[in-house]
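[1] Give me coordinates for this.
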Amino acid sequence: MKVYGYVNQYKGENEKFLNGIQVDKIIHNRKPEIDFSFAEKDDLVIIKSFTSICKNLKEMLEFAQFIDETNIRVMVAANPAFDTRQAFGKLMISIWTSLNKYDDECFGRKEREETNND
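    Model (predicted):
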């Protein structure tokens, strides 16, 4: 397992939020797209906050599903209680993943109904 610090320089972040946290490597993102391709199963990625990677609730729910599917671990430096290696963090990811799936199902159902009515 490797520990990465993820600094979103595109959003003006710097490495200060990692002060005192041991990481194997710091990833500097300079693009608007979020790229976690460097991380593998069970790696830990430390982010400054959810606003570092998500602009809205839908993106946050999609990110939660991504974490769940890839088994990447995430810790939010601004809220250390949110750590997917711990029970609370796992619970939150499970809830958000379920909400995203529910939203997708409802949206898909609505689209099918609108298509059938045309």
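[2] What segments of this structure are helices?
    57-70, 87-117 (DSSP state H).
[3] any idea which of the ones you listed is most buried?
    Mean neighbour count, computed with mean count of other C-beta atoms under 10 Å, is highest for helix 57-70 among those, reaching a mean of 17. C-betas here are computed from N, CA, C, even on glycine.
[4] Run the chain-centre distance for stretch 86-99.
    Remark: stretch 86-99 is offset 11 Å from the chain centroid, using C-alpha atoms, centre = their mean, to the nearest Å.
[5] avg pLDDT for it?
    Across stretch 86-99, pLDDT averages out at 84.
[6] Excluding chain neighbours, what is closest to Asp43?
    Nearest non-adjacent residue to Asp43, counting by C-beta to C-beta, 6 or more residues apart in numbering: Lys2, 4.9 Å away.
[7] that older thread, dump the helices of the chain to TSV, plus distance to Glu13.
    Shown next, in TSV, are the helices of the chain (distance: least, C-beta to C-beta, whole Å):
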stretch	distance to Glu13
helix 57-70	16
helix 87-117	21
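[8] Can you say which of those helices is nearest to Phe38?
    Nearest to Phe38, of all the helices of the chain, is helix 57-70, at 11.7 Å by C-beta to C-beta.
[9] Give me the average confidence score over that closest one.
    Mean predicted confidence for helix 57-70 is 85.
[10] tell me what that helix is packed against?
    Under the contact criterion of 3 or more C-beta pairs under 8 Å, 6 or more residues apart in numbering; DSSP states H and E, helix 57-70 touches helix 87-117.
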